[in-house]
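# compute the structure for the input listed below.
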Amino acid sequence: MKSIRFIIFIIVLAQFCCTSLWFATNAVLGELLLDFQLNENALEHLTSAVQFGFIIGTLLFALFSIADRFSPSKVFFICALLGACINAITILESNNFFSLLLIRFSSGFFLAGIYPVGMKIASDYSDKGLGKALGFLVGALVLGTAFPHLLNGLFVQISWHAVIVTTSLIALFGGLLILLFVPNGPYRKRNNKPAFKTGILIFQNPKLRTAALGYFGHMWELYSFWAFVPIILTTYFRLHKSISPNISLYSFIIIGVGGLACVIGGFLSSKYGEKRIARIALLLSGICCLLSPFLFHIDSSLIFIGFLVFWGMVVVADSPLFSTLVAQNTPAEYRATSLTLVNSIGFAITIISIQCISLASNYLDPKFLYLILAIGPIVGVLALYRKKSLS
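So this is what the prediction gives:
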């Protein structure tokens, strides 16, 4: 029997590998714009397509309790395999804007069998210390999401086709790791029935509702911030008429540092509790949103980048903590369904947030766009401060 630490390590590594599919096209968007003659708002639409695919996928996975009824490790592998193949199709010269939208939608659909299912697998191996385990797991998601930016930033001499192919191969490798080294966990409870009514039953739990509401507020901000990090950087250096640095590399640093924040948050939660640490992180990220207009007036690129790095940490540090609270307040046999359903609603919120910023960009000065992101943290913090919420 393999040790639990080894199993968790494999799950974390696989999660990192497979979630590199998420922002694969965002990292090479400039090249895609030229090669496929896309317009400048392609970023919002391609990002939203991934999120929409993830939403539909998570809804179907939750509705039919896929990871509760069938081996989650096999579900993870199959989705990694299909997601990798779909992502690789991006390099075909015959693609156009609509086919790229379909590819990104399909990638998001199969990510529904990777991210929440990975959390389900980790929870099946963690009777105690789930916050730490999910801290590492979501940290891997963050690094995986940022990884295409690193590929494009460090190895500028390689083509965007190589970035896409590399992310596909890495995702396939992650799926094989789970298939070969991670059997069903000792705390797994199988549910043999589709969960057509599970969603209603789940959200009758007041503690779960509070955790979900905090998570929804967090999601309003998170993916919009990640999607627009390259735009924030470009806007700043244009306003200051400075030579733009390596935008992809800085984007990787700003997004990727959140992985470290997830791990730190997981350790802190074991001492101070998931709710308290999540609330602090959400409050700090909300403050960053409110300070964002002043960010563009800073005449020091070092302070500017430092602020974004801090924002990149606090914007995601609470993510594994909310997932832990959801898992802890759900019966084991419905855990995958609960995590998947909450994820689905959260990602639906990200589409609204991204499109709101895209629409507002036609009317607002770029410096004020990111005030919109503060709505989520404000709602989430208020939910977590309510009496009789999470213990």
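
# just the pLDDT for Phe216.
The model reports Phe216 with a pLDDT of 95.

# from Arg279, how far off is it?
Counting by C-beta to C-beta, to the nearest Å, the gap from Phe216 to Arg279 is 15 Å. Glycine gets a C-beta too; all of them are placed from N, C-alpha and C.

# residues contacting the closest residue in space to Pro377 that isn't next to it in sequence?
Nearest residue to Pro377, sequence neighbours excluded (C-beta to C-beta, 6 or more residues apart in numbering): Gly286, at 3.0 Å. Gly286 is in contact with 221, 374, 376-378, 381, counting by C-beta atoms under 8 Å, 6 or more residues apart in numbering.

# save those residues as CSV, and put in neighbour count too.
What follows is these, written out as CSV (neighbours: other C-beta atoms under 10 Å):
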residue, neighbour count
Glu221, 30
Ala374, 19
Gly376, 26
Pro377, 27
Ile378, 17
Val381, 19
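
# now, which of those lie within helices?
Using DSSP state H, the subset of these located in helices is 221, 376-378, 381.

# which of those sits closest to Phe147?
Glu221 (21.4 Å; C-beta to C-beta).

# which helices and strands does the host helix or strand of Lys271 pack with?
Element membership of Lys271, judged by DSSP states H and E, is helix 247-272. Judged by 3 or more C-beta pairs under 8 Å, 6 or more residues apart in numbering; DSSP states H and E, the packing partners of helix 247-272 are helix 130-154, helix 206-239, helix 274-295, helix 301-314, helix 319-328.

# and it, what's buried?
247-248, 250-266, 268-269 (16 or more other C-beta atoms under 10 Å).

# and what of stretch 222-238?
222-233, 235-237.

# just checking, what packs against the helix or strand in which Ile345 is found?
Using DSSP H and E, Ile345 maps to helix 335-360. Counting contacts by 3+ C-beta pairs under 8 Å, 6+ apart, helix 335-360 packs against helix 42-63, helix 66-69, helix 115-124, helix 198-202, helix 206-239, helix 319-328.

# for the record, mean pLDDT for the last one?
In this model, helix 319-328 has an average pLDDT of 88.

# likewise for the fourth one?
Along helix 198-202, the predicted local confidence has a mean pLDDT of 62.

# measure Val142 to Gly265 for me?
Val142 is 11 Å from Gly265, by C-beta to C-beta.

# flag the shaky bits of the stretch 201-350 of the chain, pLDDT-wise.
Applying pLDDT under 70 to the stretch 201-350 of the chain flags the ranges 201-203, 244, 332-333, 336.

# out of the helices and strands packed on helix 335-360, which gets nearest to Pro293?
That would be helix 206-239 among the helices and strands packed on helix 335-360, by C-beta to C-beta, at 11.7 Å.

# assign the residue in the chain sticking out farthest from the centre to helix, strand or coil.
Seen from the C-alpha centroid of the chain, the residue lying at the greatest distance (C-alpha atoms, centre = their mean) is Lys241, 32.4 Å away. The three-state label given to Lys241 by DSSP: H, G, I helix; E, B strand; the rest coil is coil.

# how close does it sit to Asp299?
Distance from Lys241 to Asp299, by C-beta to C-beta: 11 Å.

# next, give phi and psi for Ala317.
For Ala317, the backbone dihedrals (degrees, to the nearest 10) come out as phi -60, psi -30.

# state the distance from it to Phe97.
Counting by C-beta to C-beta, the separation of Ala317 from Phe97 is 35 Å.
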